[in-house]
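Q: pasting a predicted model and its sequence here:
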Amino acid sequence: MAISLSFKATIIIALSVVMIVSGSVFVWKVAEMRNIVKEIPVPGQAGVLKAEVIPSMSQQGTLFFIKAQYFENREQQEIPLKIEKQGYKDSIYVFDDGEHFDGEGGDGVYGGYFDSEGKDIGKYEVKAGDLLLADFVVHEEGCEIIQGDYDETKINFVVLPSGYEDYERFKNDFKNLINGWDSLLEIEPFKSNKERFSFFAVNTTRDFECEIGCKGISTLVCCNSKTVLEEASRCDYDSVIVLVNSREECGSASYYTKICSKNSYANTVLVHELGHSFADLADEYVYADYFGDYSVGEVREINCDEEGCEKWKNISEGCYEGCTYSHLYRPAEKYSIMFDLYPKFNDVCKSHIEELIKNYYNDKSARKAEEKSYFINLNYNQGAIVFENAFVKPIKSWQDFRESDYSIELITEEGKVFNSSLYIPDKIFPIPPYGRIVYEDDVDFSFTLPFYEDAEEIRIYRNDRLVAFTDIALLSDNCGNGICENFENHLSCPVDCKITDNFCETNSCDSDCPSQANCKDSERIILIASASLLIAASLLIISLIMWKIKRK
């Protein structure tokens, strides 16, 4: 009998030990799963993951946009990246959720941001593990005023050097162009308003890829607009000029002006091209006289009109046949900078520019601009506009008063609205009369909008019809408001978002991931089984102890 009871006790003890060990192992495994990354998200091999930083160079305080593309299938929607510089290390996430300018959610394109506020100047590297993906530069402002003085009410012209090795020579060339004989500041209405202008130069050696003779037109000059606007945004700008170090006769204008600086016509070419890019004026000569039957679409600029010239009936001006088209009319027969480079604006053009200057001045006087701006990159393709990406720069932004079918508005949480005309740069204007307008069906361009802490959405309209919109709230700090926003998730804002947030993250149990849809139930079953084993083992041991006590 004693042997039998001892055997039973031994069995009970052994069984209890097995149950305790099994239960403990289950609990430990669950705890281990929660701390182990289930999938290595970034393989350390080139070609699987690519990345770029937008902009590639910018001043301190810029919120850099990092775009990555992963070329293998994965359900997880985040990738951790490292940002490194000598003496500095940090980490960020990029997200594939369709809410971070990353295309569609789950398409393998990821987006995220690095804030350079307070960061040291220098080159930063973007890495995945030890794999170098991209780099970018945080630099000083690099914006120097070269004429006038800075005042928030002034119109700021920013000039950039192309092909110059000597920065001082570049500045002198530009000063001569705007102050010399028949130059910008000697021609009305710029002359009488010169105190309302400031001119800034950017000290940069970046290659703007400017090409003379582009688009098959010998005098046309084309540059990399993305790089031009990135460098121009070192300053608060209203109008941008690229000065090409060349003696050739060249010039063109879209939403900024490009001219060759060292030929005898450079000063009047600059004024003419600014007539296009700054004032949105049309060419007053007839293209067909030089290029045969040629259509440039509808012409609605202020200085061309139908017969009768109703546009300027209140201005003492003429009505002369021929203005871009032979069937349209211009305000002056000749001696006009938009007709034949004669250093004078006709009365209609002069009145229009004066009104434009007044609008800029009134807007800047009435509204204090934020110290930061949204820098929006857009694509225009045959009437369709797409938001490519956006970031924040420490510059001020103002309205655009050029005529356009398009307008852009920014809406805040409190219902405040900022409106501006949106000039579509689908036309490139040449030097008269050596070229024709070039229409671009597909063009990338940029626009700045004032920064608001509670901004929610940007909308673009064409003749009051909504044609594009994007959520901009992700560029403000909304984490901690108690709401898990569309662009937030458990990784980016754990205080507002729980693990179940419609975002699949690398985690031992995220039921938002298809492969782990039932992981919480499985984990719960394991935990219940573990607890049951531990409880059963405890009961067996207690029963054995009680039996021993009773026997005594």
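A: Received, thanks. As the structure is a prediction and not an experimental result, all values here were calculated from the model.

Q: go ahead and flag the most central residue of the chain.
A: With distances taken as CA atoms, centre = their mean, the residue of the chain nearest its centroid is Ala390 (2.6 Å).

Q: now it. Nearest residue, chain neighbours left out?
A: Of all residues not flanking Ala390 in the chain, Ile376 sits nearest, at 4.9 Å (CB to CB, 6 or more residues apart in numbering). Glycine gets a C-beta too; all of them are placed from N, C-alpha and C.

Q: which residues touch that neighbour?
A: 387, 390, 446-449, 458 (CB atoms under 8 Å, 6 or more residues apart in numbering).

Q: report the rounded mean pLDDT for stretch 54-70.
A: Across stretch 54-70, pLDDT averages out at 96.

Q: then stretch 505-518?
A: 87.

Q: please name the nearest non-neighbouring residue to Glu403.
A: Nearest one to Glu403, counting by CB to CB, 6+ apart, is Asp280 at 5.4 Å.

Q: assign the one you found to helix, strand or coil.
A: coil (DSSP: H, G, I helix; E, B strand; the rest coil).

Q: kindly report the same for the one 10 residues further on.
A: Three-state assignment for Tyr290 (three-state DSSP): helix.

Q: thinking it is in contact with Ile437, fair?
A: No. In this structure Tyr290 lies outside contact range of Ile437 using CB atoms under 8 Å: 11.9 Å.

Q: where in the stretch 151-300 of the chain is pLDDT low?
A: Scanning the stretch 151-300 of the chain for pLDDT under 70 picks out no residues.

Q: if we use 90, what do you get?
A: 151-152, 180-181, 215-217, 287-298, 300 (pLDDT under 90).

Q: now the residue nearest to Ala390: which helix or strand?
A: Following DSSP states H and E, one finds Ile376 within strand 373-381.

Q: adjacent strands (with direction) for that strand?
A: When pairs are called by DSSP bridges, strand 373-381 turns out to pair with strand 384-393 (antiparallel), strand 442-450 (antiparallel).

Q: for the closest residue to Ser254 other than its chain neighbours, grab the count of nearby residues.
A: With sequence-adjacent residues excluded and distances taken as CB to CB, 6+ apart, Ser254 is closest to Pro425, at 4.1 Å. Pro425: 18 surrounding residues under other CB atoms under 10 Å.

Q: so where does Pro425 fall, helix or strand?
A: Going by DSSP H and E, Pro425 is not part of any helix or strand.

Q: quick one, domains of the protein?
A: 2-37+517-551, 49-139, 143-366, 373-475 (automatic domain parsing).

Q: quickly note the distance from the residue nearest to Ala390 to Ile353.
A: 27 Å (CB to CB, to the nearest Å).

Q: hmm, back to that, give the buried residues for the strand holding Ile376.
A: 373-378, 380 (16 or more other CB atoms under 10 Å).

Q: give me every residue that touches the closest residue in space to Val158 that isn't next to it in sequence.
A: Nearest residue to Val158 in three dimensions, chain neighbours excluded: Tyr237, at 4.1 Å (CB to CB, 6+ apart). Residues near Tyr237 by CB under 8 Å, 6+ apart: 156-158, 200, 395.

Q: so which of the residues you listed is the closest to Glu104?
A: Nearest to Glu104 among the contacts of Tyr237, counting by CB to CB, is Ile395 at 31.2 Å.

Q: sorry, back to before: you'd agree the residue nearest to Glu403 is up against Pro425?
A: No. Using CB under 8 Å, Asp280 is not in contact with Pro425; the gap is 10.9 Å.

Q: ok so, going back, distance of the residue nearest to the centre of the chain from His100?
A: 10 Å.

Q: cool, Leu220 as well?
A: Where His100 is concerned, Leu220 sits at a distance of 38 Å (CB to CB).

Q: rewinding a little: what pLDDT does the residue nearest to Ser254 get?
A: Looking at Pro425, the pLDDT reads 91.

Q: now for it: which residues touch it?
A: Contacts of Pro425 by CB under 8 Å, 6+ apart are 225, 254-255, 380, 440, 443, 445.

Q: ditto for Glu248
A: Contacts of Glu248 (CB under 8 Å, 6+ apart): 212, 219, 260, 263.

Q: next step: those residues restricted to strands.
A: Cross-referencing the contacts of Glu248 against strands under DSSP state E gives 212, 260.

Q: just checking, Asn510 touches Asn502?
A: Small correction: residue 510 is Asp, not Asn. No. Contact between Asp510 and Asn502 fails when scored by CB under 8 Å: they sit 10.6 Å apart.

Q: Tyr113 should be in a strand, yeah?
A: Yes. Using three-state DSSP, the assignment for Tyr113 is a strand.

Q: still on that earlier bit, what's opposite the residue nearest to Ala390 in the beta bridge?
A: Counting by DSSP bridges, the residues bridging with Ile376 are Ala390, Phe447.

Q: i'd like the first residue to be 3 from this point on
A: I'll keep to 3 as the first residue from here, and by that count the last item is Ile378.

Q: give me the distance between it and Ser448.
A: Distance from Ile378 to Ser448, by CB to CB: 7 Å.

Q: just to revisit the earlier point, correct me, but the residue nearest to the centre of the chain touches Leu477?
A: Yes. In terms of CB under 8 Å, Ala392 counts as a neighbour of Leu477; the distance is 6.5 Å.

Q: which residues do those two both contact?
A: With CB under 8 Å, 6+ apart, Ala392 and Leu477 have common neighbours Tyr376.

Q: relative to Pro333, which of the strands paired with strand 375-383 is closest?
A: strand 444-452 (29.6 Å).

Q: quick one: the closest one to chain centroid distance?
A: Relative to its parent chain, strand 444-452 has a centroid offset of 8 Å by CA atoms, centre = their mean, to the nearest Å.

Q: residues in contact with the following helix or strand past that strand?
A: Downstream of strand 444-452, the next assigned helix or strand under DSSP H and E is strand 457-464. Contacts of strand 457-464 with the rest of the structure, by CB under 8 Å, 6+ apart, involve 376, 378, 385, 387, 389, 407-415, 424, 451, 468-475, 477-478.

Q: what of stretch 406-415?
A: With CB under 8 Å, 6+ apart, stretch 406-415 has contacts from 376, 387, 419-426, 449, 451-452, 454, 456-465, 469, 474-475.

Q: buried subset of those residues, written for PyMOL?
A: Buried residues among those (16+ other CB under 10 Å), as a PyMOL selection:
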select buried, resi 376+387+420+422+424+425+426+449+451+452+454+457+458+460+461+462+463+464+474+475
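
Q: isn't there a strand covering Ser406?
A: No. Counting by three-state DSSP, Ser406 is not part of a strand but coil.

Q: can you give me the distance of it to Phe97?
A: As defined by CB to CB, Ser406 lies at a distance of 34 Å from Phe97.

Q: and for Gly165?
A: Going from Gly165 to Phe97 by CB to CB gives 41 Å.

Q: same check on Arg404?
A: 36 Å.

Q: and those two? Which one has more around it.
A: Using other CB under 10 Å as the criterion, Arg404 and Phe97 rank with Phe97 on top: 25 against 19.

Q: with adjacent residues omitted, what lies nearest to the more buried one?
A: Glu80 (5.4 Å).

Q: then Asp175?
A: Nearest to Asp175 is Ser263, by CB to CB, 6+ apart, at 4.7 Å.

Q: now the strands for the stretch 303-452 of the chain?
A: Using DSSP state E, counting those that start in this stretch, the strands of the stretch 303-452 of the chain run over 322-325, 327-332, 375-383, 386-395, 408-414, 419-423, 429-430, 440-441, 444-452.

Q: what is the mean pLDDT for the longest one?
A: Regarding strand 386-395, the rounded mean pLDDT is 95.

Q: which of the residues in it are buried?
A: Buried-residue list, strand 386-395, by 16+ other CB under 10 Å: 387, 389-395.
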